[in-house]
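S.K.: Kindly generate the corresponding structure for this input.
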Amino acid sequence: MGSVTTWYTFINCLDEFRYFMPMSGAMDYEGDDVDAAVTASGYQPEDFFIYAMTGSNDFECSNFTNQMEGMLSMESGNFVQADNETDGNLAFRIKEGNSHDGAAGMEYTYNGLRWFWSTKTEHKDSSKEEPYTVNTKISEVLDDPAFGAYGRLIFPANDGYYSGNTLGGLRLTWYNNIEPDKTVEITNYMKDHAKAGDTIFFDIYTEKEKAADPAKKDTGLFYFKGNPGEKFAVCNAGGGFAYVGAMHDSFPHALELSKKGYHAFALIYRPGAQTACEDLARALSFIFAHAKELEVDTSCYSLWGGSAGGRMAAYLGIYGTKAFGEKNLPKPGAVIMQYTGHSEYTENDPPTYACVGENDGIASWRTMQRRLTRMSALGIDTEFHKYPGLSHGFGLGTGTVAEGWIDDAVAFWEKQSLDMK
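M.R.: From the prediction side, this is the model:
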């Protein structure tokens, strides 16, 4: 009777259920009604899966087998015998010696559930793909068709600077406090928006420019869209000018800024202090040139950066885009810096917010504090924070004493915007 109920559910409820496990109970001895229900529903063979089982000594075996064979013989092709875990949508099994009893039912249920929920199962509708998890392989993200050619830039192009096979196991050279859940959130955000048809990546160089300098192929802007007419920020990850650690040092920041309504861009640049700054200048030129279609307010934009990315933000803040090969554009309204030993400053520096861990063995908090103190003496608005116990590259600092620093930084940026009015 439970099997008959399962068949009636199949006929009437394909909108609600995907997997079905009828056991030793036929409803439609020729299979015509079941086949007609599938055709009428508009669903395709890949949209559902049936694991049907009975025993050779089961009194219902003959009727059950007739229904299965009838379904598989239909000209519609709605049912295809599944001989392994990658082919077909109807796995019909007869267990030699099994009868119509509870022991057989438990065996069928065990094997059916293993089939339905096995990680090896590949008979799934691609339009109903599961989201990424901490167990998703990094290679699956890089090769996901949703991202096209730019997918390879989601993780460092120079793969010698990261390790780990899965999203949860990602490790980046020189970085600490990497959050697996944030990595999963970011990659799912990207995939969801890409599949929805949203543009999440922009080239900043033309094909001709990339052909002339192949290194420019590994550049671009990942876009985290904010509210129409809101200000924008460009986030620059560190990586010692050897690679771009965006997954921990700019994507999380950009995502959080977009949640607050700001347009946020994360730059993938050519490693090297000079080339990185040239790419940042080009990125700013791109955003200003496309401000209308991007619906961004270009007044009082901000530059964000950690470690090497902080140096980039500072250099562009001091010297401007013209110094790096682009036309002269307004300087940022604020520079937000994390854990960088950058010490250079001038009276032309923009207002600057900086934070660092006291245990940072790469960027001394004293160097950062001294720089901002001297800038303040010149009348430049500054704000400085140091956090006990934290080492280099803590990112958003979630779960640490630095948690919430990004809110302070946004408030500092907003203050500059108000001062400009």
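
S.K.: Which residue ranges of the stretch 101-250 of the chain form helices?
M.R.: Counting by DSSP state H, counting those that start in this stretch, one finds helices in the stretch 101-250 of the chain at the ranges 102-117, 138-142, 180-195, 207-212, 246-249.

S.K.: Make TSV out of those and add distance to F286.
M.R.: The C-beta positions use only the backbone N, C-alpha and C, and glycine is treated the same way. Output for the helices of the stretch 101-250 of the chain, formatted as TSV (distance: least, Cβ to Cβ, whole Å):
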stretch	distance to F286
helix 102-117	46
helix 138-142	24
helix 180-195	19
helix 207-212	12
helix 246-249	17
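
S.K.: most packed of the ones you listed?
M.R.: Neighbour counts (mean count of other Cβ atoms under 10 Å) averaged over each of the helices of the stretch 101-250 of the chain peak at helix 246-249, with a mean of 29.

S.K.: And the next helix or strand past that helix?
M.R.: Where DSSP states H and E defines the elements, the next helix or strand beyond helix 246-249 is helix 251-259.

S.K.: Taking helix 180-195 as reference, get the angle to that following helix.
M.R.: Helix 251-259 and helix 180-195 are oriented at 60 degrees to each other (axes from the mean of the first three to the mean of the last three Cα atoms, to 10 degrees).

S.K.: Contacts for helix 251-259, please.
M.R.: Contact with helix 251-259 is made by 179, 182, 185-186, 189, 222, 224-226, 233, 235, 237, 264-266, 304, 395-396, 406, 410, as judged by Cβ atoms under 8 Å, 6 or more residues apart in numbering.

S.K.: hmm, back to that, show me the one of the helices of the stretch 101-250 of the chain that comes nearest M71.
M.R.: With respect to M71, and counting by Cβ to Cβ, the nearest of the helices of the stretch 101-250 of the chain is helix 102-117 at 17.1 Å.

S.K.: Now tell me what touches the closest one from outside.
M.R.: 19, 21, 23-24, 49, 51, 53, 55, 58, 85, 91, 93, 95, 98, 121.

S.K.: How about F224: which residues does it bridge to?
M.R.: Under DSSP bridges, the beta-bridge partners of F224 are A264.

S.K.: quick one: stretch 149-168 to chain centroid distance?
M.R.: Computed by Cα atoms, centre = their mean, to the nearest Å, the chain-centroid distance of stretch 149-168 equals 12 Å.

S.K.: Filter the contacts of helix 102-117 down to the buried ones.
M.R.: With burial judged by 16 or more other Cβ atoms under 10 Å, the buried subset of the contacts of helix 102-117 is M21, M23, S24, F49, Y51, M53, G55, D58, A91, R93, K95, N98.

S.K.: can you pull the contacts of the first one?
M.R.: This points to M21. T6, I50, Y51, A52, M53, Y108, T109, G112, L113, F116.

S.K.: Ok, the fifth one next?
M.R.: With contacts defined as Cβ under 8 Å, 6+ apart, the neighbours of Y51 are Y19, F20, M21, A91, R93, Y108, N111, G112, W115, F116.

S.K.: Same check on the fourth one?
M.R.: With Cβ under 8 Å, 6+ apart as the criterion, the residues that contact F49 are R18, Y19, F20, A82, N89, L90, A91, F116, H123.

S.K.: now the last one
M.R.: Contact criterion Cβ under 8 Å, 6+ apart gives T54, G55, S56, N57, D58, A104, E107 as the residues in contact with N98.

S.K.: List just the nearest of these to T400.
M.R.: Comparing the contacts of N98 against T400 with Cβ to Cβ places E107 closest, at 50.6 Å.

S.K.: Next one, pLDDT for the closest one please.
M.R.: With respect to pLDDT, E107 scores 90.

S.K.: Quick check: it vs G88, distance?
M.R.: 21 Å (Cβ to Cβ, to the nearest Å).

S.K.: same thing with A363?
M.R.: For A363 relative to G88 (Cβ to Cβ), the value is 58 Å.

S.K.: In terms of neighbours, single out the busier of these two.
M.R.: A363 (24 against 19; other Cβ atoms under 10 Å).

S.K.: quick one: secondary structure of that one?
M.R.: Recorded secondary structure, A363: coil (DSSP: H, G, I helix; E, B strand; the rest coil).

S.K.: ok, it touching G306?
M.R.: No - counting by Cβ atoms under 8 Å, A363 does not reach G306; the two are 9.3 Å apart.

S.K.: tell me, what's touching those two both at once?
M.R.: Jointly contacting A363 and G306 under the rule Cβ under 8 Å, 6+ apart are Y339, T340.

S.K.: Just the closest of the buried ones among the contacts of helix 102-117 to A242, please.
M.R.: Comparing the buried ones among the contacts of helix 102-117 against A242 with Cβ to Cβ picks out F49 as the nearest, at 47.7 Å.

S.K.: and the closest one, what are its bridge partners?
M.R.: Y19.

S.K.: mind starting the numbering at 684 from now?
M.R.: Sounds good: first residue 684 from here, last item F732.

S.K.: Please identify the helix or strand for the nearest residue to C744 once chain neighbours are set aside.
M.R.: The shortest distance from C744 to any non-neighbouring residue, by Cβ to Cβ, 6 or more residues apart in numbering, is to T737 (5.0 Å). Using DSSP H and E, the element containing T737 is strand 732-738.

S.K.: and that strand, how far from the chain's centre?
M.R.: Centroid separation between strand 732-738 and its chain, computed with Cα atoms, centre = their mean, is 38 Å.

S.K.: what is the mean pLDDT for that strand?
M.R.: Mean per-residue pLDDT for strand 732-738: 92.

S.K.: Understood, closing this out.
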